[in-house]
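Visitor: Structure here, sequence nowhere to be found:
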Ligand SMILES: Nc1ncnc2c1ncn2[C@@H]1O[C@H](COP(=O)(O)OP(=O)(O)OP(=O)(O)O)[C@@H](O)[C@H]1O
Ligand SMILES: Cc1ncc(COP(=O)(O)O)c(N)n1
C-alpha cells in the first residue's frame with residue numbers, strides 16, 4: 001500500500017484563515033501530507049488584527065495530542081502559538097511520550113498587529129522544555145532577539161544568535177529575514193551547528209504577509225515528514241512561501257493572507273511544460 005505521510009500541528013486557530021492551524025493544514029495539504037491538529041487557543045482574528053484570544057485548558061491540549069499519538073501517529077510535528085508555560089510543558093511531555101521526531105518549533109510570540117500570542121513568562125519554558133526537543137527552530141528576527149537576549153542588526157549578529165540558539169539544544173536554526181526590510185532580498189539563514197547556509201529570494205513589495213512565518217514552518221514540517229533532509233526542506237519552504245507571497249489574493253481590508261495554492265499552480269506549469 002502507498003505510504004501516507006502525516007504531520008501534526010500544535011497551534012492556535014486563526015479565524016481569518018491566513019495564519020495558525022489554518023495556514024498549517026492548507027500547507028500540509030498542498031504538499032501532499034495528511035494534516036492533523038491539536039488546538040492550543042482560539043483567536044478571533046482577521047486581516048485587520050486580533051480581536052480576541054481564548055486559550056484552551058492544558059487538559060484539552062493534552063487530550064488532543066493523546067488522541068493522535070495513540071492512533072494515527074505523526075511523521076513530523078510543528079508547534080506554533082503555544083500561549084503559556086503550562087501548555088508548553090504539556091506539549092513537550094507528549095512529544096517525549098510518543099517519541100516523535102522531526103519537531104519544527106515556530107516560536108510565535110506576537111502577531112503582526114502587535115497582539116501577544118505567548119505570555120512573557122513562557123519564554124523560559126520554551127527555551128528549557130521545548131527547544132532541547134526541536135529538530136528545527138524558525139524565529140523571525142524579533143523572536144530571535146527575545147530568545148537570545150541580544151540585538152540583531154547585521155548578518156554577523158544573526159550568525160551569533162543562531163549559535164546561541166543551537167547551544168540550547170536545537171539541531172538546526174533558521175533565522176528568517178522577512179523583517180530585514182531595508183534589503184532588496186529576503187534572506188533566511190540556516191545553521192546546522194557547523195556551517196551557515198543562506199536561502200535568498202527577491203523581496204516582494206506587498207502588505208499581504210499575514211501568516212508567512214506559519215506557512216514557511218509548515219512547509220518545512222511537511223517536507224521533513226516525507227523524508228527530506230533539513231536543507232532540502234528549507235529550500236522547498238522558501239520556494240513555497242515566495243510563490244504564496246508573489247501571487248497575492250488581495251482579500252480583507254488589512255494585511256491579507258498569502259496564497260497557499262500558488263506553489264502547486266507554479267509547479268504544474270513547469271511539470272506540464
Ligand atoms: N516581502 C517578502 N518578500 C519575500 N519573502 C518574504 C517577504 N516577507 C517575508 N518573506 C519570507 O517569508 C518567510 C517568513 O519570514 P518572516 O520573517 O516574515 O516570518 P514571520 O515574521 O515569522 O512571519 P509572520 O509573523 O508574518 O507569520 C521567510 O522565508 C521570509 O524570507
Ligand atoms: C493563531 C496564530 N498563530 C500565529 C500567528 C502569527 O502570524 P502573523 O505574525 O502573520 O500574524 C497568528 N497571527 N495567529
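Guide: It's in. Every value quoted in this text rests on a predicted model; they were computed, and no experiment measured them. Ligands and ions are numbered 1, 2, ... in the order given.
Visitor: What number of residues are in the vicinity of residue 203?
Guide: Number of residues near residue 203 (other CB atoms under 10 Å) recorded here: 18. In short, each C-beta sits where N, CA and C put it, glycine included.
Visitor: wait, I meant residue 246
Guide: Using other CB under 10 Å: residue 246 sits among 15 other residues.
Visitor: Not counting its neighbours along the chain, what's nearest it?
Guide: residue 204 (5.5 Å; CB to CB, 6 or more residues apart in numbering).
Visitor: my guess is the one you found meets residue 245, correct?
Guide: Yes: assessed by CB atoms under 8 Å, residue 204 is found in contact with residue 245 at 4.8 Å.
Visitor: Which of these two has more residues huddled nearby?
Guide: The residue with more neighbours, out of residue 204 and residue 245, is residue 245; 23 against 15, by other CB under 10 Å.
Visitor: ok, the closest residue to ligand 1 within the stretch 1-150 of the chain to residue 217 distance?
Guide: Relative to ligand 1, the nearest point of the stretch 1-150 of the chain is residue 140 (3.5 Å; CB to the nearest ligand atom). Computed with CB to CB, to the nearest Å, the distance linking residue 140 and residue 217 is 11 Å.
Visitor: So those two - more neighbours on which side?
Guide: residue 217 (31 against 23).
Visitor: mind checking the SS state of the more buried one?
Guide: The local conformation at residue 217, judged by DSSP: H, G, I helix; E, B strand; the rest coil, is helix.
Visitor: can you check residue 21 too?
Guide: Under three-state DSSP, the three-state class of residue 21 is helix.
Visitor: And the pLDDT at it?
Guide: You'll see residue 21 listed with a pLDDT of 98.
Visitor: which parts of the stretch 1-150 of the chain sit against ligand 2?
Guide: Counting by CB under 6 Å from any ligand atom, the stretch 1-150 of the chain comes close to ligand 2 at 11-12, 14, 19-20, 43, 45, 80-81, 108, 111-112, 117.
Visitor: and with 5 Å instead?
Guide: Those residues of the stretch 1-150 of the chain that sit near ligand 2, judged by CB under 5 Å from any ligand atom, are 12, 14, 19, 20, 43, 81, 108, 111, 112.
Visitor: my read: residue 28 touches residue 221, true?
Guide: Yes: counting by CB under 8 Å, residue 221 is a contact partner of residue 28 at 7.4 Å.
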